[in-house]
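Engineer: Task: produce atomic coordinates for the following.
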Amino acid sequence: MAIGFDSDFLKKLEYLHVVSKKAFAGQARAERLTPKRGRGLEFADYRQYSAGDDFRHIDWKAYRRLGRLLLRLFDEEQDLPIYLFIDASHSMAPAGQGPEKFEQALRLAAALCYIGLAHLDRVTIMPFDSTVREERTPGQGKGRIFRVFEMLEQLQVGGTTDMAEAFKNFAGRGRRAGLTVVISDFLDPKGFEKPLKMLQARGHDVYAVQMASEKDRDPGALGDVRFVDAESGEIRDVEVTPALARAYTAAWEKHTDELQTFCGRYNIGYIRADVERPVEEIVLQTFRQGRFVA
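Structural biologist: Reported below is the predicted structural model:
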């Protein structure tokens, strides 16, 4: 699948920035404020001058008024670590349904990458199934977006979903806390609650982007239907009645409601991204309404 955006959409993305509910200390200078006091442009506070401090930051007007040497402090502008977890398990592109859900996830990841890169944030792409397959860091600056497109185009679905094991693998790598975005359908047989809380416990600001498809909600046919589990390969022959079809849809809606309720309870950002909607609409409208970008 070729991934690419037209110049008008990229220009609109440049005016956005990813919103984090937390402030993180970064490494390189970028375009956002962190708790670290340094030599940025925005005034933050005063403190008493100590021997060895840079005398150029002494506020001489305050000295004339108060007779004390006070040092002006500024908020340091530094990069935000952004971790993009992309679900690459078989459930994201089940046989017979096509790859629309996975491809939409890749497009959303590319858009978020560009927003981060344009603001010199440090973006890491992390495809996962039952583990984090690899870490891909394109660098900084919006010119790296073409490298991002190439990285994402190489990704293939495979394996079973085990978010707890994948995030445990990530947590063991000792990465700095940052904004962590999980792009997934969250159809994990072991549940999504423990994995998302695990990321929070590590100090990350967590966002859940739920990929949803009409094919997930609709069994697709009535009568004798053979269902095949996309990840386990288990086969079940079922007579789909209208009542069973309604129950199937209700079960999927319950899954979505539980995910949204859980995220609200634990202050985890939640966005639902339907594959039938254009990426531009999801990013420029839904993400904004969810206070994910501004």
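Engineer: in the stretch 101-250 of the chain, which spans are strands?
Structural biologist: Taking DSSP state E, counting those that start in this stretch as the test, the strands found in the stretch 101-250 of the chain are 122-128, 179-184, 205-212, 223-228, 235-240.
Engineer: in this protein, what spans have low per-residue confidence?
Structural biologist: For the chain, the stretches with pLDDT under 70 are 23-47, 49-57, 71-79, 95-96.
Engineer: that older thread, which stretch among the strands of the stretch 101-250 of the chain comes nearest S91?
Structural biologist: Nearest to S91 among the strands of the stretch 101-250 of the chain is strand 179-184; the distance by CB to CB comes to 8.8 Å. Any C-beta I mention is one placed from the backbone N, CA and C, and that applies to glycine too.
Engineer: still on that earlier bit, and among the strands of the stretch 101-250 of the chain, the most buried is which?
Structural biologist: Of the strands of the stretch 101-250 of the chain, the one with the most neighbours on average (mean count of other CB atoms under 10 Å) is strand 179-184, at a mean of 26.
Engineer: ok, and what's touching it?
Structural biologist: 18, 20, 22, 24, 80-87, 92, 105, 108-109, 112, 161, 163, 192, 196, 199, 204-211, 273 (CB atoms under 8 Å, 6 or more residues apart in numbering).
Engineer: and K11, how many neighbours?
Structural biologist: Residues within reach of K11, counting by other CB atoms under 10 Å, total 10.
Engineer: so what does the helix or strand harbouring it touch, helix or strand wise?
Structural biologist: Assessed by DSSP states H and E, K11 sits inside helix 7-14. Packing partners of helix 7-14 (3 or more CB pairs under 8 Å, 6 or more residues apart in numbering; DSSP states H and E): helix 100-118.
Engineer: Serialize the strands of the stretch 101-250 of the chain to TSV and add fields for distance to F146.
Structural biologist: Listed next are the strands of the stretch 101-250 of the chain as TSV, based on distance: least, CB to CB, whole Å:
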stretch	distance to F146
strand 122-128	14
strand 179-184	21
strand 205-212	23
strand 223-228	37
strand 235-240	42
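Engineer: Could you identify the buried members of the contacts of strand 179-184?
Structural biologist: If you count burial by 16 or more other CB atoms under 10 Å, the buried members of the contacts of strand 179-184 come out as 18, 20, 24, 80-87, 92, 105, 108-109, 112, 161, 163, 192, 196, 199, 204-211, 273.
Engineer: which residues does S91 contact?
Structural biologist: S91 neighbours (CB under 8 Å, 6+ apart): 161, 185, 187, 230-231.
Engineer: Great, nothing more from me.
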